[in-house]
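1. turn this into a model:
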Amino acid sequence: MSQRGDVKMSSKRLSGLVAATFTPLTNDDEINLPVIGPYIDYLVKVQGIRNIFVNGTTGEGMSLSVEERKLVAEEWINKGKGKLDHVIIHVGSLSIKESRQMAEHAAKCNASGIAVISPFFFKPQSTDALVEYLKEVASAAPGIPFYYYHLPELTGVSFRVVELLDGIEKKIPTFRGLKFTSSDLLDFGQCVNNYKDKFDLLYGKDELLLSAMVLGATGAVGSTYNYFGNLNKKMLSYFEKQDYNLAREQQAIVQEFIGYVSSLGFGVAENKATMMLVSGIPLGPPRLPLLKCSEEKKAQILAKLKILGLLN
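-> Residues are numbered from 1 along each chain as shown. Here you go, the predicted model:
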């Protein structure tokens, strides 16, 4: 264990690939908890992924009730014991009381850490206001690492993160790093340049991962690592060996797939369908207001996966 301020936390850094997990649902729109155990085995044994980010955007966390999110968090943590290295639970909510409640619950369940997205209806009007909000949520789980989840495309909260990080550990002793999901590589690059030795700086745009690694990202959180884990690990291996041409080839495959499916409309529903096509895991449809992926889109996604050689 290591000491930071008055708080003891694990010294183990969060790095490498982190899968932003999907939440399995039944056709009756209920949480399908029994799927999570086999899902973990697939991530570990097939894709080589041992770190996960639960109840985030990919997991439709904001569409689940607080009680559902607790059940999902507990299942991932309990079933992941001895198999997963890090289970980060996203506890963001429009209600700060709900966020604190879920943060406390995650800590009691022995989560590896918690993450929080900015409120996006009543938005913080300044960086200081956002930090105060994050501080309040983090204080409910004072013994585990805390991460800020930066997603300006959905939240509309686009303060420069490099400014938010300035002195944040003095206000939030458990602050460990961030999930940076934005194509603003200028801001991310400055975060890395100033704070790489202090914080875990995880990038969240799968199609730009190689660019982020060049800038010095310590890892990445993304949905495609659920089913393209091996492909991205191969890319990172080439990058570490400084074989940049082969690394670019692997990134190009990911970009080709994401570029194609984005032209079809690549939301959570289509992403979830892709995971089912590749893994065979029954994840079910997304929750309304998201509509399930059409059979026509599924056929197009399947065809592209076959063309790119991405099906076992």
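2. setting aside sequence neighbours, what's the nearest residue to residue 162?
-> Among residues not flanking residue 162 along the chain, residue 190 sits closest, at 4.2 Å (C-beta to C-beta, 6 or more residues apart in numbering). Where you see a C-beta, it was placed from the backbone N, CA and C, and this is true even at glycine.
3. do the same with residue 100
-> Per C-beta to C-beta, 6+ apart, closest to residue 100 is residue 140, 3.9 Å.
4. how about residue 206?
-> Nearest non-adjacent residue to residue 206, counting by C-beta to C-beta, 6+ apart: residue 222, 4.0 Å away.
5. beta partners of the one you found?
-> With DSSP bridges applied, residue 222 shows beta-bridge pairing to residue 19.
6. quick one: contacts for it?
-> Neighbouring residues of residue 222 by C-beta atoms under 8 Å, 6 or more residues apart in numbering: 17, 18, 19, 20, 204, 205, 206, 209.
7. quick one, strands of the protein?
-> Taking DSSP state E as the criterion, the chain contains strands spanning 2-4, 7-9, 16-20, 51-54, 86-90, 113-117, 146-150, 175-180, 200-203, 219-222.
8. in TSV: these, plus distance to residue 41 and mean pLDDT.
-> Supplementary listing: the strands of the chain in TSV, determined by distance: least, C-beta to C-beta, whole Å; pLDDT from 0 to 100:
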stretch	distance to residue 41	mean pLDDT
strand 2-4	31	35
strand 7-9	28	50
strand 16-20	13	97
strand 51-54	13	98
strand 86-90	15	98
strand 113-117	23	98
strand 146-150	26	98
strand 175-180	25	98
strand 200-203	24	98
strand 219-222	20	98
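9. quick one: closest of those strands to residue 62.
-> strand 113-117 (8.2 Å; C-beta to C-beta).
10. neighbours around the residue nearest to residue 100, how many?
-> Look at residue 140: counted by other C-beta atoms under 10 Å, it has 20 neighbours.
11. report pLDDT for it.
-> Each residue has a pLDDT score; the one for residue 140 is 98.
12. what are the phi and psi values for it?
-> The phi and psi torsions at residue 140 (degrees, to the nearest 10) take the values phi -80, psi -10.
13. that one contacts residue 106, correct?
-> No - counting by C-beta atoms under 8 Å, residue 140 does not reach residue 106; the two are 9.2 Å apart.
14. before we move on, back to that, what sits against the residue nearest to residue 100?
-> The contact partners of residue 140, taken as C-beta under 8 Å, 6+ apart, are 99, 100, 101, 103, 104, 107.
15. what residues are up against the third one?
-> When you say that, I think you mean residue 101. 66, 140 are the contacts of residue 101 under C-beta under 8 Å, 6+ apart.
16. ok, 10 Å please
-> 66, 69, 70, 91, 93, 95, 137, 140 (C-beta atoms under 10 Å, 6 or more residues apart in numbering).
17. so which of those residues is the most crowded?
-> Of these, with other C-beta under 10 Å as the count, residue 91 tops at 33 neighbours.
18. distance of the nearest residue to it once chain neighbours are set aside from residue 67?
-> Once flanking residues are discounted, residue 91 sits nearest to residue 102: 3.9 Å by C-beta to C-beta, 6+ apart. Residue 102 sits 10 Å away from residue 67, taking C-beta to C-beta, to the nearest Å as the criterion.
19. of the two, which one has the most company?
-> A count of neighbours by other C-beta under 10 Å puts residue 102 above the other of residue 102 and residue 67, at 26 against 10.
20. can you give me the pLDDT of the more buried one?
-> Per-residue pLDDT puts residue 102 at 98.
21. verify the contact between it and residue 89 for me.
-> Yes - between residue 102 and residue 89 there is a contact under C-beta atoms under 10 Å: 7.3 Å.
22. what touches both of these two?
-> Shared contacts of residue 102 and residue 89, counting by C-beta under 10 Å, 6+ apart, come down to 55, 61, 69, 70, 73, 114, 141.
23. possible to save those as CSV with distance to residue 127?
-> Listed next are those as CSV, based on distance: C-beta to C-beta, whole Å:
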residue, distance to residue 127
55, 25
61, 24
69, 27
70, 30
73, 29
114, 20
141, 22
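24. farthest-apart pair in these, please.
-> 61 and 141 (16.3 Å).
25. quick one: contacts for residue 41?
-> Going by C-beta under 10 Å, 6+ apart, residue 41 touches 79, 83, 281.
26. ok, back up a step: tell me which of the contacts of residue 101 is nearest to residue 197?
-> Once C-beta to C-beta is applied, the member of the contacts of residue 101 that ends up nearest residue 197 is residue 137, at 25.3 Å.
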